[in-house]
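>>> How does the following fold in three dimensions:
(chains A, B, C and D)
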Protein chains: 2
Amino acid sequence: MNNKNVDIYTIAEHAGVSKSTVSRVLNNKDDVSETTREKVIDVIKELNYKPNSSAKGLATQKTKTVGLVVSEITNSFFSMFVKGAEDKAMEENYNIMLANSNWVVEEELKCIRMFEEGRVDGILMISGGGDDLLNDYLNNLANKDIPLIVVDRKINNQLIPKINVENVKAAYEGTKYLIELGHRKIAFVKGDDIAASDASIDRVKGYRKALAENDIDTEIIEPGFFEREGACFATEKILKNHPDITAIFYASDMMAVGGLKALKEAGLKVPEDVSVLGFDDIELAKIIDPALSTLRQPRYKMGYLGMEKLIDKLEGRPKEVYEDDISFELELIERESTAPVKR
Amino acid sequence: MNNKNVDIYTIAEHAGVSKSTVSRVLNNKDDVSETTREKVIDVIKELNYKPNSSAKGLATQKTKTVGLVVSEITNSFFSMFVKGAEDKAMEENYNIMLANSNWVVEEELKCIRMFEEGRVDGILMISGGGDDLLNDYLNNLANKDIPLIVVDRKINNQLIPKINVENVKAAYEGTKYLIELGHRKIAFVKGDDIAASDASIDRVKGYRKALAENDIDTEIIEPGFFEREGACFATEKILKNHPDITAIFYASDMMAVGGLKALKEAGLKVPEDVSVLGFDDIELAKIIDPALSTLRQPRYKMGYLGMEKLIDKLEGRPKEVYEDDISFELELIERESTAPVKR
DNA sequence: CTGAAAGCGCTTACAG
DNA sequence: CTGAAAGCGCTTACAG
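Purely as a prediction, here's the structure:
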C-alpha cells in the first residue's frame, strides 16, 4: 500500500525490464509485446504505483490541467458554468485549477498570472471584467502560446474563441411574448450599461426592437443594476410614474425577485395585476412563489462547450472544431408569473 | 513579452551569474548580495520570466496545490465552503484543484486517486459519502503520507482532523427558541437517517432533548429527505394528522421552503398561523417571502479554517495548530417566519 | 556570497 | 520489441 519511493525505476526492476518499457506501457504505446505489457501492469498494480505528474509535466511540457477563472463561484449563475466545464474536463481526463476573481480585475489578473506559471495548459475564462487593462493582457496571452477561451464576455480579438448568448434576440422574444399576451405597457428593468458583457445593452436593444415592430411607443426603462435591491427601487419608481403598467421585464431573475417584492408591497398581484418576466433561469426562478417565467441561459452547456473547445485546441485537434465563436439561443420558460393581460 | 524558452538559465546568462544564484533570488534566500539580487530581478522582469512549476515541483517534491473535493459545486451550500477554502489558499499562495463528486462515492474515489498522482500536496474534503469503502480509503490515505482534512463529515480516524458543526446543540436551541415563543406543538421534519454526516440524526436528538427538558411529550417527526418536495409531502402529512400544530422545525432551509409552499396551499399563514424554522441559512433563506428564521452554518469559515489547517500541516507548522478537531456553533437568525404563538 | 554538479521522475529519439 | 542516454527546468547540499 505504500507508494513512497516507488517510481518508474522500481517498477522496471521488479518487472525485469527497462524504464523505457515501463514508460511505454504507461502511455499505451503499441510497440510493446503483450507479455511484457502484462508483466509490467501486474507490478504497477502490486506496488500501487502512481506516476508523478510533475516529472511527467516537465518531460512533456504539458500539465493536463486547465485554469478556470470565475467571477464568483458562490453565485449559482457561475457555478453552473463551472459544473459544465468540470464535467467535460473529467471526461477528457483533464484537471481543473480553480480561481475566483471576486469581480475585481486585479484578482482576475492575479489568477491568470498564477496560471501562466506553467501550471496550466490553457485557460477558460467565465468572468466579468471588460476592463481595458485586462483585455490588453488577454490579447497578449492569445498572441503568445497559451490557449484561452472566453465565455460570456465580449472581447475584440479574433484569436480568442468566444462563447456567448443571443441577448438581443432573447430580449426581443421575451418582449414579443409579453406583447402577444396582450400587454402594451411594458416596462424594462435593465442592469448597468457599463457592464462588461454588454448583456444589459443588448437586452435593452431587443426590448426596443420588439416594441418598435409592434408600434408601441411607451418605452419605460429603468436601471436595476443587476441587483435585487436596485430592482426593488426601480419597480417602485415605475409603479409611481406609470401606474398603468401591466408587465415588467427584468434583465435578470435576481432583479425580478426584487421586483416581486416591490409589487407585493404595492399590493399588486402577480400575474393577475402585472406580469413579470425574468432572464437567466437561475435555480431560484422555479422555487420562488410565483415561479418566474424567464429566458433560460444554457449555462451548463456553455461551460461544457467552452471546455470542449479548449481541450480540442490543446490536443491539437482540427481547427474547425474550435475556432469559431458560438452564440447560444435562450429558451423561453413559461411559469406562473406571466399571464394574458386583463381587459 | 515572449516568455517561450526563457528559463532560469537564460536569466543567469543575461545577469551574468549562475543558475544557482538566480534560483536563490527566486526563492528569497537571504544569502545573496543586494547588488546581484537587484540585477537578477531586473532581468527577470525584463524577460518576463515565469518559473516552470513542473520543474520546481519535481525538484522540491511539493506542488503548492491542494485538492478540493466537493459533493456538488452547484449547491450554494457547498460553494460557500469552496469560497472560504479558496480565499485562504490564495492568501497562502496555494493553488486549488477542484473536483466534483456529484454525491457518488465512485466519483469521489476517482477524484482522490487523481489527486494522489503527485499533483497535490494535500486534500480537503467537503463531501457527503459516509460509505465504508470510501472511509477505508481515506483511512489508508491518512496512514500514508498525504495530508487530508475533512469538513462536515464524520469519520473514525484520529489521524484525520475534522471540522464539524454542533448539530445537537443547534437543534436543541432552535427548538428551545420555539418553545420560548410559546409553542408547544412543534413538529420536526428530518432528513434521512442514513445520511453520511449524521446531521439529521443529531438534529433530531437536539429537538428531542429540548422537548424533554420542557416536559413536552407531543413529539412529531416526519422525514423530508433533505428535499424540497419531500418536505412538502411531510408538511401535508403533519397538517393532516396534527392540525393543532403551531410550529414546524425543518432540518434544512431547502426543506423549509418546501414546507412554506405546503402551508400556503393549506391556506395557513406564516408566521401568524404557524411558525417555520429552518436550518443552514442558505442564500435563499433571506430572499424568500417570508424570510426564514434559521440556524446559520458558518460555511465560509469552515472552508477557510479547513484550508488553514491543511496548509498549516503541509507547511509543517506546529502540530497543535491543526491536530484537534473543531466543532462550530450555529447562530440563530431571527427573521420573519417565526413569531410568538397566538393565544 | 557564489558556482559546479547531482538529482528530482519522467519521456523520447536513437540504435539495435 | 527493447534498452541506454540525454534532456525537461528547477533546487540544494557541497566546496570554496
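>>> what helices or strands is the lowest-mean-pLDDT helix or strand in chain A leaning on?
Of all helical and strand segments in chain A, the minimum by mean pLDDT, DSSP states H and E falls on helix A:132-143, at a mean of 76. If contacts are counted by 3 or more CB pairs under 8 Å, 6 or more residues apart in numbering or on different chains; DSSP states H and E, helix A:132-143 sits against helix A:105-116, strand A:148-151. For the C-beta atoms, the positions are set from N, CA and C on the backbone; glycine is no exception.
>>> burial count for the residue nearest to residue A:280 when sequence neighbours are not counted?
Distances taken as CB to CB, 6 or more residues apart in numbering or on different chains put residue A:253 closest to residue A:280, at 4.5 Å, once the chain neighbours are dropped. Close neighbours of residue A:253, defined as other CB atoms under 10 Å in any protein chain shown, add up to 27.
>>> list the contacts for residue A:253?
Contact analysis of residue A:253 by CB atoms under 8 Å, 6 or more residues apart in numbering or on different chains lists A:278, A:279, A:280, A:281, A:282, A:284, A:285, A:292, A:294.
>>> picking up where we left off before, which parts of the least confident helix or strand of chain A are buried?
By neighbour count on 16 or more other CB atoms under 10 Å in any protein chain shown, the buried set for helix A:132-143 is A:134, A:135, A:137, A:138, A:139, A:141, A:142.
>>> Stretch A:214-221 now?
So for stretch A:214-221, counting by 16+ other CB under 10 Å, buried means A:216, A:220.
>>> now the end-to-end length of it.
Its first and final residues considered, stretch A:214-221 spans 17 Å by CA to CA, to the nearest Å.
>>> neighbouring contacts of that stretch?
For stretch A:214-221, the external contacting residues (CB under 8 Å, 6+ apart) are A:176, A:179, A:184-190, A:204, A:207-208, A:211, A:238, A:241-242, A:245.
>>> what number of residues lie near residue A:90?
Residue A:90 has 19 neighbours, counted by other CB under 10 Å.
>>> That one: helix or strand, and which one exactly?
According to DSSP states H and E, residue A:90 maps onto helix A:76-91.
>>> Please give me every residue in contact with the spatially most central residue of chain A.
Taking CA atoms, centre = their mean, the centroid of chain A lies closest to residue A:81, which sits 3.8 Å from it. By CB under 8 Å, 6+ apart, the contact set of residue A:81 is A:70, A:126, A:151, A:152, A:299, A:300, A:302, A:303, A:306.
>>> Let me see the contact set for the residue lying closest to residue A:268 once chain neighbours are set aside.
Once flanking residues are discounted, residue A:268 sits nearest to residue A:274: 5.5 Å by CB to CB, 6+ apart. When contacts are counted by CB under 8 Å, 6+ apart, residue A:274 touches A:245, A:246, A:247, A:248, A:263, A:268.
>>> These: which ones sit near DNA strand C?
Among the contacts of residue A:274, not one lies near DNA strand C by CB under 7 Å from any atom of the strand.
>>> which one of these sits closest to residue B:222?
Nearest to residue B:222, judged by CB to CB, of these is residue A:263 at 34.1 Å.
>>> Could you point out the helix or strand that follows the helix or strand that closest one falls within?
Assigned by DSSP H and E, residue A:263 belongs to helix A:253-265. Downstream of helix A:253-265, the first helix or strand assigned by DSSP H and E is strand A:275-277.
>>> just checking, what packs against that following strand?
Packed against strand A:275-277 by the contact rule (3+ CB pairs under 8 Å, 6+ apart) you find helix A:167-180, strand A:247-250, helix A:253-265.
>>> what's the spacing between residue A:257 and residue A:226?
Here residue A:257 is placed at a distance of 12 Å from residue A:226 (CB to CB, to the nearest Å).
>>> about what we covered before: now the angle from the helix holding residue A:90 to helix B:76-91?
Angle, helix A:76-91 to helix B:76-91, by axes from the mean of the first three to the mean of the last three CA atoms, to 10 degrees: 80 degrees.
>>> in chain A, which spans are helices?
Applying DSSP state H to chain A gives helices spanning A:8-15, A:19-26, A:34-46, A:53-60, A:76-91, A:105-116, A:132-143, A:167-180, A:199-213, A:228-241, A:253-265, A:283-287, A:299-314.
>>> and the ones you listed as JSON lines, adding distance to DNA strand D?
What follows is those, written out as JSON lines (distance: least, CB to the nearest atom of the strand, whole Å):
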{"stretch": "helix A:8-15", "distance to DNA strand D": "7"}
{"stretch": "helix A:19-26", "distance to DNA strand D": "3"}
{"stretch": "helix A:34-46", "distance to DNA strand D": "4"}
{"stretch": "helix A:53-60", "distance to DNA strand D": "4"}
{"stretch": "helix A:76-91", "distance to DNA strand D": "24"}
{"stretch": "helix A:105-116", "distance to DNA strand D": "12"}
{"stretch": "helix A:132-143", "distance to DNA strand D": "18"}
{"stretch": "helix A:167-180", "distance to DNA strand D": "43"}
{"stretch": "helix A:199-213", "distance to DNA strand D": "40"}
{"stretch": "helix A:228-241", "distance to DNA strand D": "47"}
{"stretch": "helix A:253-265", "distance to DNA strand D": "44"}
{"stretch": "helix A:283-287", "distance to DNA strand D": "44"}
{"stretch": "helix A:299-314", "distance to DNA strand D": "18"}
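>>> Which of these comes out lowest on mean pLDDT?
Mean pLDDT is lowest for helix A:132-143 among the helices of chain A, at a mean of 76.
>>> Return the residues of the stretch 101-250 of chain A in contact with chain B.
Contact residues, the stretch 101-250 of chain A versus chain B (CB under 8 Å from any CB of the partner chain): A:113, A:114, A:116, A:117, A:118, A:119, A:140, A:144, A:145, A:228.
>>> out of those, which are buried?
Burial by neighbour count, judged by 16+ other CB under 10 Å, picks out A:114, A:116, A:117, A:118, A:119, A:228 from these.
>>> Could you identify the most distant pair in those?
Farthest pair in those, by CB to CB: A:118 and A:228, 41.7 Å.
>>> Distance check, the closest residue to residue A:213 other than its chain neighbours against residue A:334.
Closest residue to residue A:213 apart from its sequence neighbours, by CB to CB, 6+ apart: residue A:176 at 7.8 Å. Distance of residue A:176 to residue A:334, computed by CB to CB: 13 Å.
>>> go on, residue A:78?
25 Å.
>>> and if you look at residue A:62?
Residue A:62 sits 47 Å away from residue A:334, going by CB to CB.
>>> And for residue A:243?
Residue A:243 is 26 Å from residue A:334, by CB to CB.
>>> who has more neighbours, these two?
More crowded of residue A:243 and residue A:334, by other CB under 10 Å: residue A:334, with 14 against 10.
>>> ok, that one - contacts?
The contact partners of residue A:334, taken as CB under 8 Å, 6+ apart, are residue A:293.
>>> which one among the residues of the stretch 101-250 of chain A next to chain B gets closest to residue A:88?
Of all these, residue A:119 has the smallest distance to residue A:88: 19.5 Å, by CB to CB.
>>> hang on, the earlier thing: most surrounded residue in the contacts of residue A:274?
That'd be residue A:248 among those, by other CB under 10 Å, with 33 neighbours.
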